[in-house]
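Novice: Can you look at this prediction? I've put the sequence above it.
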Amino acid sequence: MRLFDPIRVGPLELDNRIVMGSMHTGLESGGEAEFQRLAGYFQARAKGGAGLMVTGGFSPNSEGNLGAHAAELNEAALSRHRIVTDAVRAAGGKIFVQILHAGRYSKHKDLVAPSAVRAPINKFEPREMSEADILRTIDDFGHAAELAIQAGYHGVEIMGSEGYLLTQFLCQRTNRREDEWGGTFDNRARLAREVVARARKAIGDAGAIAFRISALDLVEGGSTAEEISACAAMVEAAGADMLTTGIGWHEARVPTIAQAVPPAAFTFATARLRKAVSIPVAASNRINTAELAEDVLAKGEADMVMLARPFLADAAFAAKARDGRGSEINVCIACNQACLDRIFSGKTTGCLVNPAVTREAELAPKPAKHARQIAVIGGGVAGLAAAATAAERGHAVTLFEAADKLGGQFNLAARIPGKAIFTRTISQMAGRIEQAGGTIRLSTRPTPTEIGANFEAAILATGVTPRTPDIEGIDHPSVARYDEILSGARTAGQRVAIIGAGGIGFDVALFLTEQNSRAHEDPAAFRSYWGIDAAITDAGGLAEPVEPRTQHQVTLLKRSDGRFGRSLGLTTGWVHQIELKRAGVEMLADVTYQRIDEVGLHVESEGESRLIEADTIILCAGQVSVLDLAEPLAASEIEVQVIGGAKLAGELDAERAIEDGTLAGLTV
Ligand code: NAP
Ligand code: SF4
């Protein structure tokens, strides 16, 4: 595999071309205990074969701090950083620290930027940097690079993408200066050049320098293709040893890493950049499997691949790819739910499909003291996680699933545009069970007596069933449950009313309106849907989006008042909102359901009766736990744990289900 051809990056020889990209964990601003956790996290990924890893961002000075997770690279922090680098070096890994000055994205009052132009995603207005501020900042970058080497890092990644300070200088959108740091492109690129040159001077050949360049800005007033290539050549000349890439500013209104983005959708930008330089270029964004990563290199679109979230999902991504065990990789499903949504809420990162991330020591599986016969009832993700974890600890596990396939609610979710990859999570967990000697029995409903007689412990993961709300006419033939629609058991008519606007109501609306769109899987269709100009002729690379054609006329309803989509993810909800708006989905809040009949759904809205004419009314009104076995099993002699949706259906999500299952498997 090309992924495992060694590659030289400045003074370093890397074993392979898989880079674990920078990702804030929320631990960077902590003390020794948090750095111990970081050390465990990075060490696991070094052991897991990553060719190179990059830490979350550390600011070269206090103004550049992100705010919510203020993390600086200064003398006081050196001993903490050494905890990380010692752990990585002991595992034979290589690690860079990212130096990130947030500029106008800093979430504190002392923020600075090339010009006093507030970011649309920040309430604080920046102060325009003086010439002295700029010169001091260049020194600070150089000093941070020097400290990085003293701390034991193999190099630094200078953050020049995603709309942070260096990008802000590069683009007219944010740089309105008239001195030698603004105006012409050469002037706007001066700071990036000077920062790289100063870092090089500071560290000589004691470490490598990566420059993370914005390969595509996706904001008006961003860079053109020509400027991006020119910037790449300039930073190479200034001393950068490799280019890592970022796509889109944080304020861009085009998704860049969400499920709406097809796999490897942005490698066209890296491919062009590669022609501008002779140093290695790493591609990023939505590269989540070993096959895809290899394909990017095979097509010559990049010299290396940089994956961030996939390394949260599976510490051993690289080793599994190397050993031909790509199907065993626990694939990142791009939900952002447990990682970025948490980080942007000021919490520590987790991972929906891997509860052990940043808790490697705490959740390390220990072999069972006494191997026991364990029954896991229910093959949704909670049951799968429990069965896999328990089997790997040496228990004799039998997983029972009533349906003829595994996955439960996750299987239904896989039908939603952008979520097809969910089936990989199911097959990966099933593979773990089989590899650990467990047994999977499909289409089987064991009785409490059978379980009591043949097992020493039972884990009940019988999940949930859709709630049927109490509305007059609910038995009308036009009424369907979401699982019937998503599984294909029923098809929806042209006019649809959806009762319930939680995650599933939104998903079903998307399923209906985007059924024939290929925007979630085909990069060209994605670009035309979101308005991306692959040639980046206009600054920022934006183009006129092509309006989607939808088959269904959908009305989404909820009883509560207030904004729709409040329960959706912080970093992904806006994408769904835009998608449904463009599909013409009508949203009605604060309604009272009155009745359903042959003409449709009658509701009371704003004090008046209203008819929503509908051929199909889909119930997305939450779920209730399935607990048939709980009572009879409680009366038996065996140990019983109830997990996942069976334990708590309200606000059930896959993250809690997998965590519950994993914890049950670790403790049974
Ligand atoms: P949910 O988010 O709890 O939403 C259920 C909806 O049903 C609510 O909007 C509620 O709205 C309505 N409802 C509840 N009881 C009702 C009743 N008796 N009659 C009429 N309407 C009723 O649950 P979900 O949509 O089923 O999702 C299940 C879980 O999966 C959630 O945790 C969700 O976050 C997660 N999920 C997440 C995503 C994602 O993209 N992150 C996608 C799918 C699912 P009103 O009370 O306002 O009417
Ligand atoms: Fe990927 Fe979701 Fe895990 Fe984040 S939480 S790493 S997006 S699977």
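Specialist: Everything's here; your move. Ligands and ions are numbered 1, 2, ... in the order given.
Novice: could you pull out the helices for the stretch 51-200 of the chain?
Specialist: Remark: helices assigned in the stretch 51-200 of the chain by DSSP state H, counting those that start in this stretch are 78-90, 131-150, 165-170, 185-188, 190-203.
Novice: Would you mind pulling the contact partners of the third one?
Specialist: Right, the one you point to is helix 165-170. Residues outside helix 165-170 that contact it (CB atoms under 8 Å, 6 or more residues apart in numbering): 64, 101-104, 112-114, 137, 158-161, 174-175, 181-182, 188-192, 195, 214, 217, 223, 227, 231, 249. The way it works is simple: take the backbone N, C-alpha and C, and place the C-beta from them, glycine included.
Novice: Secondary structure class of the spatially most central residue of the chain, three-state.
Specialist: Most central in the chain under CA atoms, centre = their mean is Asn336, positioned 3.4 Å from the mean C-alpha point. Assigned by DSSP: H, G, I helix; E, B strand; the rest coil, the conformation of Asn336 is coil.
Novice: And it, how close does it get to Ile18?
Specialist: Distance, Asn336 to Ile18, by CB to CB, to the nearest Å: 22 Å.
Novice: again, but for Gly324
Specialist: 15 Å.
Novice: Need the nearest residue in space to Ala497, chain neighbours excluded.
Specialist: Among residues not flanking Ala497 along the chain, Ala614 sits closest, at 4.0 Å (CB to CB, 6 or more residues apart in numbering).
Novice: Report whether the expected contact of the one you found with Val496 is present.
Specialist: Yes: assessed by CB atoms under 8 Å, Ala614 is found in contact with Val496 at 6.0 Å.
Novice: Would you mind telling me which of the two has the busier surroundings?
Specialist: Val496 (26 against 23; other CB atoms under 10 Å).
Novice: Within range of ligand 1, give me the residues from the stretch 551-668 of the chain.
Specialist: By CB under 6 Å from any ligand atom, the residues of the stretch 551-668 of the chain that approach ligand 1 are 558-560, 567-569, 620-623, 651-653.
Novice: Just the buried subset of the residues you listed, please.
Specialist: 558, 568-569, 620-623, 652 (16 or more other CB atoms under 10 Å).
Novice: Present the residues you listed as TSV; the columns should include pLDDT.
Specialist: Shown next, in TSV, are those (pLDDT from 0 to 100):
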residue	pLDDT
Lys558	97
Leu568	90
Gly569	89
Cys620	98
Ala621	97
Gly622	94
Gln623	94
Leu652	62
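Novice: Just put the residues you listed in a markdown table and tack on distance to Ile426 and secondary structure.
Specialist: Shown next, in a markdown table, are those (distance: CB to CB, whole Å; DSSP: H, G, I helix; E, B strand; the rest coil):
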| residue | distance to Ile426 | secondary structure |
| --- | --- | --- |
| Lys558 | 30 | coil |
| Leu568 | 23 | coil |
| Gly569 | 21 | coil |
| Cys620 | 22 | coil |
| Ala621 | 25 | coil |
| Gly622 | 23 | coil |
| Gln623 | 19 | strand |
| Leu652 | 17 | coil |
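Novice: quick one: low-confidence ranges for this structure?
Specialist: Scanning the chain with the threshold set as pLDDT under 70 gives 68-69, 651-652.
Novice: care to break it down by domain?
Specialist: 2-343, 373-465+625-667, 479-514+550-621 (automatic domain parsing).
Novice: Redo those as TSV? Include distance to ligand 2.
Specialist: Supplementary listing: these in TSV, determined by distance: least, CB to the nearest ligand atom, whole Å:
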stretch	distance to ligand 2
domain 2-343	3
domain 373-465+625-667	7
domain 479-514+550-621	9
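Novice: Now distance to Ile536 too, for these, in CSV please.
Specialist: Formatted as CSV, the domains of the chain follow (distance: least, CB to CB, whole Å):
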stretch, distance to Ile536
domain 2-343, 4
domain 373-465+625-667, 25
domain 479-514+550-621, 22
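Novice: related to what we said a few turns ago, in what helix or strand does the nearest residue to the residue nearest to the centre of the chain once chain neighbours are set aside lie?
Specialist: Spatially, and ignoring its direct neighbours in sequence, Asn336 is nearest to Thr571 (4.7 Å; CB to CB, 6+ apart). For Thr571, there is no host helix or strand (DSSP states H and E).
Novice: which residues touch Thr571?
Specialist: Thr571 makes contact with 258, 336, 340-341, 344, according to CB under 8 Å, 6+ apart.
Novice: and of these, the nearest to Gly239?
Specialist: Closest to Gly239 out of those is Leu340 (31.5 Å), distances taken as CB to CB.
Novice: For Pro120, see how far away the closest one is.
Specialist: For Leu340, the distance to Pro120 - CB to CB - is 18 Å.
Novice: Likewise for Gly103?
Specialist: 14 Å.
Novice: The two: who's more crowded?
Specialist: Gly103 (24 against 10).
Novice: need the contact list for the more buried one.
Specialist: Listed by CB under 8 Å, 6+ apart, the contact set of Gly103 reads 64, 111-114, 126, 164-166, 168, 174.
Novice: do the same with Arg89
Specialist: Going by CB under 8 Å, 6+ apart, Arg89 touches Gly152.
Novice: any idea how far the closest residue to Arg372 other than its chain neighbours is from Thr444?
Specialist: Nearest non-adjacent residue to Arg372, counting by CB to CB, 6+ apart: Glu456, 4.3 Å away. Relative to Thr444, Glu456 is positioned 19 Å away (CB to CB).
Novice: same question, Asn65
Specialist: With distances taken as CB to CB, Asn65 is found 56 Å from Thr444.
Novice: My guess is the residue nearest to Arg372 contacts Ala368. True?
Specialist: No: if you go by CB under 8 Å, Glu456 and Ala368 don't touch, sitting 11.2 Å apart.
Novice: element containing His576, please.
Specialist: Using DSSP H and E, His576 sits in helix 573-582.
Novice: Now do the buried residues in that helix.
Specialist: By neighbour count on 16+ other CB under 10 Å, the buried set for helix 573-582 is 573, 575-580, 582.
Novice: on that earlier part again, for the residue nearest to the centre of the chain, list the residues it contacts.
Specialist: By CB under 8 Å, 6+ apart, the neighbours of Asn336 are 257-258, 309, 569-572.
Novice: Buried ones among the residues you listed?
Specialist: Buried members of the contacts of Asn336, counted by 16+ other CB under 10 Å: 257-258, 309, 569, 571-572.
Novice: before we move on, the earlier item: okay, and the common contacts of Ala614 and Val496?
Specialist: Both Ala614 and Val496 are in contact with Thr555, where contact means CB under 8 Å, 6+ apart.
Novice: All the strands of the stretch 501-650 of the chain, residue numbers only.
Specialist: All strands of the stretch 501-650 of the chain, identified by DSSP state E, counting those that start in this stretch, fall at 553-557, 586-588, 591-597, 600-605, 608-613, 616-619, 623-625, 639-642.
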